[in-house]
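Student: I'd like to go over a predicted model; first the sequence, then the structure.
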Amino acid sequence: MTSPSGQPGRNFQAPRGTRDFYPIEMARRLWLEDKWRRTATRHGFDEISGPTFEHLDLYTVKSGEGIVSELFSFSRQGGETSYALRPEFTPTLARMVASKANALPKPIKWHSIGPYFRAERPQRGRLREFTQWNVDVLGDPSPEADAEVIACCADSLRLMGLTDEHVSIRINHRGLFSEILRENGVPSDRHEAVFVLLDQAGKLERADFLAAARKLDLPESLMLWFGGEIEASVDSSGELRQKLMKESSLAFEYFRRLEPLRDSLEELGVSKRMVLQSALIVRGLAYYTGAVFEVHETGGKERAIAGGGRYDNLVELFGGPPTPAVGFAMGDVVIALVLQDKGLMPSDDAIARDLGLAPDVFVFACDEAADLYLRPMLAHLRRAGLHARRTYKTTRNEGKLFGEANKSGARFVLKLMPGLEAQLKDMGAQGGASEPLGPEASVEALAAAVQKRIPAS
RNA sequence: GCGGCCGUAGCUCAGUUGGUUAGAGCACCUGGUUGUGGUCCAGGGGGUCGGGGGUUCGAGUCCCCUCGGUCGCCCCA
């Protein structure tokens, strides 16, 4: 709690923005990763991984030199090469795809879970080291591919217990949006500025937003639409959006062209009530070319839970063949906050059960004679594939020992007695009696009798 | 990079207008309740009051600096 540099005798502490994962925290993290992994697997995504640091250039190529101040970058003592801890996965993914593109069957459906690093000031929902799940489809330009990644994202949320009451998926489409702008006389060199403005719209008063929009010399028909977007963005019922589509022919036309994506989502089982269209979702300025989307909690209080979109020319940028691509990322920090806020984070017991981490059997000996075969018994149970734990206490107080067993979450308690006899109690049955076992001819035989009575978890 | 708030045991906190060896609950450890599930009883370990400097006879209490946490701004891949 004192010196960050750790002089002799001083306390060390974890670096700013990083976390220590004690067993409880680690179990929660594993639980979350388990939800991600299971969802991705069900949806047919293969898991991949890459280095946690890359050449610094990999990031400046895509994001410009300005990105460097946001990275943890370094070079070896005396070395010339600059590296950076990875702040995101997409460049690594693009690199991996680019170098094997022609050998890979299409579509490429990959996902990845791992740590990422950003040299920013920590704040709510944002740390310097975090875990992120990336899901991508490459080689398929269709709206169906967009829908596939969004559906995978939605399914992971459902697996965590989140419904359309808790979260919404807000979708937009840069390509279609640009089309509409062009058709209404906004030259393409001004589109970027429009995106920037829409991105900031959430933070501006309606009047300020409209004033800024006028400066961009946008036609009145667009102004009507954008003004309506500001209002609709704070409306969770969707009524204002319906009204907007009636009043503005442009909004109507735009949302009509998004219909194929909406239809695909519905086919894939994504609740229509969870999907919102919004021209205000822009996703920074980076590399998105088509559909973009973000997941937000319905209260709108937290940062985006997940975000992604289509990036059709990124693989080419990294030296590969032209490859259409779409994907998203979800970090562990915001989703954990949302689950906590909504009371959906399972109890520690439930997590242990869910992950199969609870002991199958908790063993103790009732006296010194039984102590003699406690350890061989553990060995046999473990060899038989059971998760077996023992007490390390010296007390023979069975009240305390059962209390300890209970706290460990063990399904059964095995009490060893002299003469290779034992009692086995099912902790799931409140107040139930113990079943007597033995005497047997050997520890192994007694262990086999125990194993026979413990069903696979 | 900038700003607000905060910093006493592992956790949540109490510590009177600055005044003797800094407290409680929970958690942890030990023993007892001769015992089959978070009971009860007794005991114990653990804090240089984030760190440094200053004011003072005397500082957890006041002042300055610093480190850290937290929330926000910028940014958000």
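Tutor: Yes, it's here. None of the values given here were measured: they were computed from a predicted structure.

Student: what are the phi and psi angles of A:Pro359?
Tutor: Main-chain torsions, A:Pro359, degrees, to the nearest 10: phi -60, psi 150.

Student: for it, what are its contacts?
Tutor: Contacts here follow CB atoms under 8 Å, 6 or more residues apart in numbering; on that basis A:Pro359 touches A:387-389, A:408-411. All C-beta atoms are positioned from the backbone trio N, CA, C, and that covers glycine.

Student: what about the helices in the stretch 101-250 of chain A?
Tutor: Assigned by DSSP state H, counting those that start in this stretch, the stretch 101-250 of chain A shows helices spanning A:143-159, A:174-183, A:191-200, A:206-215, A:220-233, A:239-247, A:249-257.

Student: Double-check A:Glu54 against A:Thr90; I have them as touching.
Tutor: No: the pair A:Glu54 and A:Thr90 does not pass the contact test of CB atoms under 8 Å, sitting 11.4 Å apart.

Student: follow-up on the earlier one: tell me which two of the contacts of A:Pro359 sit farthest apart.
Tutor: Spanning the widest gap among the contacts of A:Pro359 are A:Ala388 and A:Gly409, at 13.3 Å by CB to CB.

Student: Please say which of the two ends up with more neighbours.
Tutor: Set A:Ala388 next to A:Gly409 and count neighbours by other CB atoms under 10 Å: A:Ala388 wins out with 24 against 18.

Student: who wins for most neighbours among the contacts of A:Pro359?
Tutor: A:Ala388 (24 neighbours).

Student: any idea how far that one is from RNA strand B?
Tutor: Taking CB to the nearest atom of the strand, to the nearest Å as the measure, A:Ala388 falls 17 Å from RNA strand B.

Student: got the contact list for that residue?
Tutor: A:359-363, A:378, A:381-382 are the contacts of A:Ala388 under CB under 8 Å, 6+ apart.

Student: could you check the angle helix A:143-159 makes with the helix ranked longest in chain A?
Tutor: Looking across chain A with DSSP state H, the single longest helix is helix A:23-42. Here the directions of helix A:23-42 and helix A:143-159 differ by 150 degrees (axes from the mean of the first three to the mean of the last three CA atoms, to 10 degrees).

Student: Considering only the stretch 101-250 of chain A, name the residue that lies closest to RNA strand B.
Tutor: A:Arg124 (3.0 Å; CB to the nearest atom of the strand).

Student: Number of residues surrounding the residue of the stretch 151-300 of chain A found nearest RNA strand B?
Tutor: Closest residue of the stretch 151-300 of chain A to RNA strand B, CB to the nearest atom of the strand: A:Gly284 (2.8 Å). Counted with other CB under 10 Å, the neighbours of A:Gly284 add up to 12.

Student: rewinding a little: contacts for the longest helix of chain A next, please.
Tutor: Outside helix A:23-42, the residues touching it (CB under 8 Å, 6+ apart) are A:19, A:21, A:47, A:111, A:113, A:131, A:133, A:135, A:152, A:155-156, A:159-160, A:330, A:332, A:335-336, A:345-346, A:348, A:351-352, A:354-355, A:357.

Student: Could you do stretch A:327-337 as well?
Tutor: Against stretch A:327-337 from outside (CB under 8 Å, 6+ apart): A:28-29, A:32-33, A:36, A:88-90, A:93, A:116, A:124-127, A:130-137, A:149-150, A:153, A:156, A:160, A:293, A:295, A:302-309, A:311, A:345.

Student: In PDB, please show the C-alpha coordinates belonging to it.
Tutor: What follows is stretch A:327-337 as a C-alpha-only set of coordinates in PDB (Å, rounded to 0.1, in the frame of the first residue of the first chain):
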ATOM      1  CA  GLY A 327     -16.700  -8.800 -36.200                       C
ATOM      2  CA  PHE A 328     -17.200  -7.500 -32.700                       C
ATOM      3  CA  ALA A 329     -15.400  -7.300 -29.300                       C
ATOM      4  CA  MET A 330     -16.800  -7.600 -25.800                       C
ATOM      5  CA  GLY A 331     -14.700  -6.700 -22.800                       C
ATOM      6  CA  ASP A 332     -15.000  -8.300 -19.300                       C
ATOM      7  CA  VAL A 333     -15.200  -5.000 -17.400                       C
ATOM      8  CA  VAL A 334     -18.400  -3.400 -18.600                       C
ATOM      9  CA  ILE A 335     -20.400  -6.700 -18.900                       C
ATOM     10  CA  ALA A 336     -19.400  -7.500 -15.300                       C
ATOM     11  CA  LEU A 337     -20.700  -4.100 -14.100                       C
END
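
Student: ChimeraX command to pick out the buried ones of the contacts of helix A:23-42?
Tutor: Entered in ChimeraX, the line below selects the buried ones among the contacts of helix A:23-42, by 16 or more other CB atoms under 10 Å:
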select /A:111,113,131,133,135,152,155,156,160,330,332,335,336,345,346,351,352,357
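
Student: higher neighbour count, A:Glu54 and A:Thr90?
Tutor: A:Thr90 (22 against 17).

Student: A:Arg128 touches A:Ala14, doesn't it?
Tutor: No: distance between A:Arg128 and A:Ala14: 10.2 Å, which falls outside the contact criterion (CB under 8 Å).

Student: higher neighbour count, the two?
Tutor: Between A:Arg128 and A:Ala14, A:Arg128 has the larger neighbour count (other CB under 10 Å), namely 18 against 10.

Student: Can you give me every residue that contacts that one?
Tutor: Per CB under 8 Å, 6+ apart, neighbours of A:Arg128: A:15-18, A:72, A:117-120, A:122.

Student: out of those, who has the most neighbours?
Tutor: Result: A:Phe117 is most packed of the contacts of A:Arg128 (other CB under 10 Å), 21 neighbours.

Student: which residues touch that one?
Tutor: Counting by CB under 8 Å, 6+ apart, A:Phe117 has contacts A:52, A:71-72, A:85-87, A:128-129.

Student: Adding pLDDT and distance to RNA strand B, write those residues out as a markdown table.
Tutor: Conversion of the contacts of A:Phe117 to a markdown table gives the following (pLDDT from 0 to 100; distance: CB to the nearest atom of the strand, whole Å):
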| residue | pLDDT | distance to RNA strand B |
| --- | --- | --- |
| A:Thr52 | 96 | 14 |
| A:Leu71 | 92 | 6 |
| A:Phe72 | 92 | 10 |
| A:Leu85 | 95 | 10 |
| A:Arg86 | 95 | 9 |
| A:Pro87 | 95 | 3 |
| A:Arg128 | 93 | 8 |
| A:Glu129 | 93 | 11 |
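
Student: Highest neighbour count among those residues?
Tutor: Compared across the contacts of A:Phe117, A:Arg86 has the highest neighbour count, 24 neighbours, by other CB under 10 Å.

Student: tell me the contacts of that one?
Tutor: Neighbouring residues of A:Arg86 by CB under 8 Å, 6+ apart: A:50-54, A:92, A:116-117.

Student: From the residues you listed, which land in strands?
Tutor: Within these, residues falling in strands by DSSP state E are A:53-54, A:116-117.

Student: got CSV for those residues, with pLDDT and distance to RNA strand B too?
Tutor: Shown next, in CSV, are the ones in strands among the contacts of A:Arg86 (pLDDT from 0 to 100; distance: CB to the nearest atom of the strand, whole Å):
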residue, pLDDT, distance to RNA strand B
A:Phe53, 96, 13
A:Glu54, 96, 11
A:Tyr116, 95, 9
A:Phe117, 94, 9
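
Student: No further questions, thank you.
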